[in-house]
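Q: model the structure of this input:
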Amino acid sequence: MIPARRSFGRFRLPLGRGLAVGVVAGLVAAPARAEPTQPGTLMNPLDESVSCQLCHTYENASGAGDQPRYAPYYGWQGSLMANAARDPVFWAGVALADQDHPGETVDCVRCHSPRAFLEGRGDATSIDDLLPTDLEGVGCETCHRMTGEGEVGNARYAIDDQLAADGLVPRRGPWVYEGDVGDPGNPPHSWVSEPFLGSSEACGTCHEVTTERPRLGDDGQPLGVMFNEQRTYSEWLGSAYAQPGDDFRSCQDCHMPAVEDVPGCNQFVDMYAHPTGGRRHDLVGANRFMVELLRAEYGSSRGNGEINDFFFNLTLERMDEFLATAATLEVEAPAEVHLGEGLEGLVATVTNESGHKLPTGYSEGRVMWLEVTASYADQLVWSSGLYAEGRGPQADPQLRTYQGVAEQLATGQQMHLLLNDHWVEDTRIPPRGLVPDIETDPVGPRYALLDDGTWPHYDTVTYAFEGQPALVDATPDDATDDVLDVRVRLLYLINTPDYVQLLADDNVTNDAGSEVAMLFDTMGGAPPLVLAEQSQQVPIVAFGEVPAGSTGPGSTGSLDSTGTPPPPDDGDLSTGGSTSSGSEGPAMSDDSGGCGCTSSEKPGPAAWWLGLVLMPWLRRRTMARTQAR
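A: This next block holds a predicted model:
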């Protein structure tokens with residue numbers, strides 16, 4: 001069950017959580033902390049995670065060899081938790097943030113490199129300001145020495161610093177052991193059994209970010225809260241998944257899948273089972289391209305050899321499995337289509353299956369959207385949201401995007417995190433059962449509250465395309481192939497090309513942004529992730545001219561009189577950096593229940609065709625690869 005909560009600043013924390021539920025014999029009890037741990041105050045610094053590798057890297061026990069590896073170090077080492085301080089996009093963003101508000105990036109380092117912050121290097125604004133040991137990012141002891149006495153948000157963690165009888169600071173976690181250190185089946189080091197690390201509040205320590213800018217409304221007036229840059233924890237907390245009962249799911253239930261009765265140490269493989277089960281330390285999200293980039297930079301085959309490719313490959317495997325669970329996509333197509341009259345009644349419904357908004361977290365340069373294509377005989381007939389390689393989704397009157405776009409209201413500047421004070425739009429799909437709250441509400445007219453007073457966790461879009469009278473039957477003697485192939489994909493681009501270019505163009509401090517642009521270019525650019533996909537074949541009942549007096553619905557693609565596509569238009573692409581006239585998609589219908597949509601106007605033809613998708617990669621800069629640090 002979720003305990004009652006009390007206010008702690010602007011955040012909500014569990015009420016009555018003690019420092020520990022159980023303590024091994026000989027442990028010197030630590031006093032409750034009244035504030036997060038400050039730099040230079042730890043008498044016992046965090047151990048490097050490599051010291052945990054020897055015991056916590058092992059193959060699965062007999063009979064579990066076909067399961068994903070559950071030894072903690074296997075999952076952690078290739079994850080973005082382990083590599084949070086190596087992420088080049090992070091450092092490029094820090095450089096911009098420090099330009100905009102010098103001295104306010106300490107919280108960034110506090111989260112991405114806790115060791116650097118705790119040892120007094122929280123003012124780092126470049127990866128070169130860190131020590132090699134800082135690069136392990138969020139290491140083992142960051143979490144396994146974290147108590148419940150800190151604050152939710154902005155990495156206000158409290159780190160245990162009290163030694164046990166064995167001379168070590170105990171490792172904390174939601175385990176239960178009987179007996180003493182060294183007993184058969186027990187860890188060879190001291191431990192503290194407490195539920196905090198297994199709670200979503202532990203994840204909320206960092207996955208909840210507030211800046212120092214007051215949030216403004218559309219009229220420029222303060223809304224009474226500070227700017228809610230990230231609210232992943234609050235999105236979960238306000239959803240159905242945070243409520244007691246059969247539907248309860250913690251952050252760990254998805255991002256650290258439970259494994260029953262597995263050994264926690266290589267000494268006990270095939271000897272003792274963990275009496276309370278364990279968790280795979282997959283720690284995956286959606287930033288797949290960054291894992292690939294880090295493998296190329298730090299891996300053993302192409303990189304500097306700091307991390308074996310094996311670990312990155314494991315993370316990519318787990319990530320591919322995980323991404324398939326984020327959303328479901330349903331497509332309804334008409335029973336038949338007359339190509340001359342057009343295509344109406346194509347309906348796509350995206351359902352958020354995650355415990356937070358989809359997408360969530362850091363919003364700068366991120367966009368999720370629906371790509372729709374309808375083809376006959378390998379010829380594209382209609383489309384919306386086509387992806388242009390290296391550029392992003394093309395804007396069209398029916399483009400449906402899901403994104404959070406923030407700005408500095410006074411200037412309109414976007415994609416500068418510490419300048420943001422106003423949400424232009426937040427069309428990300430809420431989680432199931434999300435209750436109204438100014439901190440997590442969508443921004444804009446897309447969603448309406450359901451009858452039960454919660455936000456819908458789905459979005460329904462209806463597409464309409466105008467007729468194509470120039471199309472003819474490619475095989476007039478064969479009616480068996482007269483079908484329209486309709487495909488709908490839910491795509492997600494975490495770092496749009498516009499954002500990557502902005503990181504380079506707006507940086508006047510160092511070369512972090514230029515390095516990111518070069519790295520992305522060298523890797524061929526970040527491709528969009530396919531979160532869900534559905535295809536249908538619609539029988540074609542007629543080709544040729546539209547009957548006299550008949551008019552078809554709107555279109556986002558057209559053919560000329562010869563049946564060939566128009567030349568591509570390089571202008572008017574939507575890549576998530578700013579809104580466009582078509583970014584909001586079709587208007588709300590009166591009976592939508594919050595997210596049903598129909599076209600409110602007949603959109604005109606867009607000068608776009610499949611040829612643009614096949615264009616060579618547009619290189620924005622040709623910079624020689626810098627020598628590895």
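Q: top strand in this protein by residue count?
A: strand 529-542 (DSSP state E).
Q: tell me who's in contact with the most centrally placed residue in the chain.
A: Nearest to the geometric centre of the chain sits A286, at 4.8 Å (CA atoms, centre = their mean). Applying CB atoms under 8 Å, 6 or more residues apart in numbering, one finds that A286 lies in contact with M319, L323, A326, P359, Y492, I494, L529. Quick note: C-beta positions are derived from backbone N, CA and C, even for glycine.
Q: in its sheet, what does the longest strand of the chain sit against?
A: Here strand 529-542 is paired, per DSSP bridges, with strand 337-338 (parallel), strand 483-493 (antiparallel).
Q: where does V169 land in three-state SS?
A: Three-state call for V169 (DSSP: H, G, I helix; E, B strand; the rest coil): coil.
Q: could you say which of the strands paired with strand 529-542 is packed most deeply?
A: Of all the strands paired with strand 529-542, strand 337-338 carries the top mean neighbour count, a mean of 23, counting by mean count of other CB atoms under 10 Å.
Q: next structured bit after that strand?
A: strand 342-352 (DSSP states H and E).
Q: helices or strands up against that next one?
A: strand 327-332, strand 367-376, strand 458-466, strand 483-493, strand 529-542 (3 or more CB pairs under 8 Å, 6 or more residues apart in numbering; DSSP states H and E).
Q: quick one: that strand to strand 327-332, angle?
A: Interaxial angle, strand 342-352 versus strand 327-332 (axes from the mean of the first three to the mean of the last three CA atoms, to 10 degrees): 160 degrees.
Q: S383 pairs with what?
A: For S383, the beta-bridge partners are T373 (DSSP bridges).
Q: ok, back up a step: which one of the helices and strands packed on strand 342-352 lies closest to V291?
A: Checking these against V291 by CB to CB gives strand 529-542 as the closest, at 11.8 Å.
Q: so for the closest one, mean pLDDT?
A: Strand 529-542 comes out with an average pLDDT of 97.
Q: what do you get for stretch 261-274?
A: Mean per-residue pLDDT for stretch 261-274: 80.
Q: sticking with G224, tell me its helix or strand.
A: strand 222-226.
Q: so what pairs up with the closest residue to V331 other than its chain neighbours in the strands?
A: Closest residue to V331 apart from its sequence neighbours, by CB to CB, 6 or more residues apart in numbering: Q534 at 4.2 Å. Beta bridges link Q534 to V488, judged by DSSP bridges.
Q: residue contacts, N313?
A: Going by CB under 8 Å, 6+ apart, N313 touches G78, R295.
Q: part of a helix, is it?
A: Yes - judged by three-state DSSP, N313 forms part of a helix.
Q: mind checking how far it is from G65?
A: Noted for N313: a distance of 17 Å to G65, by CB to CB, to the nearest Å.
Q: check G524 too.
A: 35 Å.
Q: tell me how far the closest residue to V262 other than its chain neighbours lies from Q252.
A: Spatial nearest neighbour of V262, excluding adjacent residues (CB to CB, 6+ apart): G278 at 4.7 Å. Using CB to CB, G278 is found at 11 Å from Q252.
Q: identify the contacts common to the two.
A: A258.
Q: that older thread, the more surrounded of G524 and G65?
A: Taking neighbours as other CB atoms under 10 Å, G524 and G65 compare with G524 leading, 12 against 9.
Q: what helix or strand is that one on?
A: Per DSSP H and E: G524 is located in neither a helix nor a strand.
Q: how close does it sit to S190?
A: Look at G524 and S190: by CB to CB, they are 49 Å apart.
Q: tell me the pLDDT of G604.
A: 37.
Q: show me where the stretch 251-400 of the chain has helices.
A: Counting by DSSP state H, counting those that start in this stretch, the stretch 251-400 of the chain has helices at residues 251-255, 288-298, 309-323.
Q: now do the longest one, average pLDDT.
A: When you say that, I think you mean helix 309-323. The average of the pLDDT scores along helix 309-323 is 98.
Q: pull the helix or strand with minimum mean pLDDT from this structure.
A: Lowest by mean pLDDT, DSSP states H and E among the helices and strands of the chain is strand 5-8, with a mean of 32.
Q: circling back to that earlier point, how about the helices and strands packed on strand 342-352 in TSV, adding distance to G345?
A: Below are the helices and strands packed on strand 342-352 laid out as TSV (distance: least, CB to CB, whole Å):
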stretch	distance to G345
strand 327-332	7
strand 367-376	12
strand 458-466	7
strand 483-493	11
strand 529-542	10
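Q: which of these sits closest to Q243?
A: The nearest among these, by CB to CB, is strand 458-466 at 19.0 Å.
Q: state the distance from the residue nearest to the centre of the chain to T125.
A: 27 Å.
Q: one more: T315?
A: 28 Å.
Q: more neighbours: which of these two?
A: Relative neighbour count places T315 above the other of T315 and T125, with 27 against 21, counting by other CB under 10 Å.
Q: okay, that one and P393: tell me how far apart.
A: T315 sits 27 Å away from P393, taking CB to CB as the criterion.
Q: cool, and R446?
A: Per CB to CB, R446 is found 17 Å from P393.
Q: so for these two, which sits in the more crowded spot?
A: Using other CB under 10 Å as the criterion, R446 and P393 rank with P393 on top: 27 against 23.
Q: after the helix or strand harbouring V109, next one along is what?
A: Element membership for V109, per DSSP H and E: helix 106-112. Proceeding N to C from helix 106-112, the next assigned helix or strand is helix 114-118, under DSSP H and E.
Q: report all helices and strands that that following helix contacts.
A: So helix 114-118, by 3+ CB pairs under 8 Å, 6+ apart, packs with helix 106-112.
Q: so who does the closest residue to T325 other than its chain neighbours touch?
A: Excluding the flanking residues, the one nearest T325 by CB to CB, 6+ apart is E353, at 6.1 Å. Neighbouring residues of E353 by CB under 8 Å, 6+ apart: T325, A326, A327, T328.
Q: rebuild those residues as a markdown table, extending it with distance to D421 and neighbour count.
A: Converted to a markdown table, the contacts of E353 look like this (distance: CB to CB, whole Å; neighbours: other CB atoms under 10 Å):
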| residue | distance to D421 | neighbour count |
| --- | --- | --- |
| T325 | 35 | 11 |
| A326 | 30 | 20 |
| A327 | 30 | 21 |
| T328 | 35 | 16 |
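Q: so can I have TSV of those showing distance to E364?
A: Below are these laid out as TSV (distance: CB to CB, whole Å):
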residue	distance to E364
T325	25
A326	20
A327	21
T328	27
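Q: wait, which of these is closest to P114?
A: Among the contacts of E353, and counting by CB to CB, the member closest to P114 is A326, at 27.7 Å.
Q: distance of the closest one from A82?
A: From A326 over to A82 the distance is 22 Å, taken as CB to CB.
Q: got any ranges where the stretch 451-600 of the chain has weak pLDDT?
A: Screening the stretch 451-600 of the chain residue by residue with the criterion pLDDT under 70, one finds the ranges 545-600.
Q: what about the helices in it?
A: 497-505, 512-522.
Q: these: which one's closest to D270?
A: Among these, if distance is taken as CB to CB, the winner is helix 512-522, at 43.3 Å.
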